[in-house]
Every structure is written in structure tokens, then in C-alpha cells.
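[1] quick one, what's the 3D model for this:
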Amino acid sequence: MARIREGFRGEGPGAFTPDGCAVEMYGILPVREEPDMIALGARDGARTLLELGCGAGRVTHAMVERGWEVTAVDESPEMLDRVRGAETVLSTIEELRLDERFDVVLLGSYLVHQAEAEARKAMLDTCRRHVAADGVVLIQREGRDWHDELPRVNEHPRGAVRILAAEPIGNGVNAMRIEYEFDGMRWAHEFRSRPLTDPEFVAILAESDLMVDAYLDEHRTWARVLPAS
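    Next up is the predicted model:
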């Protein structure tokens, strides 16, 4: 089992990743709007996708079914063991260096809200390093009220996700607790997240030579991002 990083914790059956994600749970969690957002944000003719933090492949598999060539990256070998139909790469996002550039680079799962500024910049640098000159980076952001009005329950066909707490711990970072219940099994995940206003988001992108081209939904949770130079 992977060693859990400081500030992260996972509870429940099965193996966990270094950031406390339950491998078994991510094998059950259904894909949602991600494939449609990728299709909406990609340029015409785009076919290659670099998926950063692919987990157990819920988005990967949907994109492979749509005919995309997917390179799926994760630091957890247990997660990658569940991925089918894509080229898999065992690596942290921050350290990834491939000799290839992609039509679309996907940074989903709210990873841009990484609490540590250095790690967040390294992730965005990876996005910039691997996007084609005429490609796009798609970034999934937390909603504006994601840390407010808790607890909140999101129902899924096979269960529910309960966002229970967002406790400020200083320096603009919140300690989050989420519980998952699927197919009669339960997991909990504790991690740290940094809310970002629109101006803050734009500013951190600029540090990695990236810029917002458009927001793809009314809640501004999906951003199409381009190389700034």
C-alpha cells in the first residue's frame, strides 16, 4: 500500500494512493460530464489526449470508446492496473516528462486546487510542457460554493458523495472531508484544498506561461487554457 502524504488520509476497504484516494472506490465512481467537456473544449480534429491523474480510468475508458488516443498518467500502480485501452505511464504529474506533445492535456479532479503552491506550479508546468502549439489544456475547477453550505450530498446512480467539511487551517487552505458510499461500501477521504478566485486562477496560470481562452460552463468549473507564448 502506498504511503499516505501528510495532510491526506483515506478510510475504507482496499488500497489507497499517496493522496488518500481509494482505488476500489474510483473503480466504481461513474464518469460524469468530463468526456463532453473534453469534446467541447478540444479543437476540431483533436485526437490525442494526455490525462493527468487518470485514476482507475473512468474518463480514460470513455474517451477511448470515443476514438481518442489516450496517454493515462498516475502515480498509483494499483490505479493503472485498472486502465484499459490506453498507454499508461506511472509517474507523478509534477515529474512527468514525455517526448511528445498532445492535442489536449487534461488536469481534472480539481488538482489545480493543490494546497502547496510549489506542487501546483509543477503540475501546471507539466501541462504547458506537454501541450501542442495548437493544442489546449482543459482544467477542472471547484465551483464557487464548493467549500460553502456544507454538508452537501451529490447523488449518483450507484451511491452518493457527501462533502462534509471544509475547515480553514491557515494561509488560504481548507482541510476537506468527503465520504463516499457506493454498492454498499463506504470510504472517507481527507485532504487539503486551496480555493481560487478567477483573478487568482488567471495569475497562477500566467506563472506557467498559460492563459484562459474560455470557460466552458456557466459555473466556470471547466476552463480551456492555451499557451501564452
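
[2] how far does the host helix or strand of residue 118 sit from its chain's centre?
    Here residue 118 is covered by helix 117-130, with elements defined by DSSP states H and E. For helix 117-130, the gap between its own C-alpha mean and the chain's C-alpha mean amounts to 13 Å (CA atoms, centre = their mean, to the nearest Å).

[3] give me the sheet partners of the lowest-mean-pLDDT helix or strand in the chain and which way each runs.
    Lowest by mean pLDDT, DSSP states H and E among the helices and strands of the chain is strand 152-156, with a mean of 90. Each strand that strand 152-156 pairs with, and the sense of that pairing, follows from DSSP bridges: strand 159-170 (antiparallel).

[4] for the strand it pairs with, C-alpha coordinates in CSV please.
    Listed in CSV are the C-alpha atoms of strand 159-170, where the atom choice follows Å, rounded to 0.1, in the frame of the first residue of the first chain:
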residue,chain,number,x,y,z
GLY,A,159,-24.5,5.7,-4.5
ALA,A,160,-23.6,9.2,-3.1
VAL,A,161,-20.8,11.6,-2.4
ARG,A,162,-21.1,13.6,0.8
ILE,A,163,-18.9,16.8,1.1
LEU,A,164,-18.9,17.1,4.9
ALA,A,165,-16.4,19.7,6.0
ALA,A,166,-14.1,22.5,4.8
GLU,A,167,-12.2,23.7,7.8
PRO,A,168,-9.8,26.7,7.4
ILE,A,169,-6.2,25.7,8.5
GLY,A,170,-4.4,28.9,7.6
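
[5] in it, what counts as buried?
    159, 161-163, 166 (16 or more other CB atoms under 10 Å). Any C-beta I mention is one placed from the backbone N, CA and C, and that applies to glycine too.
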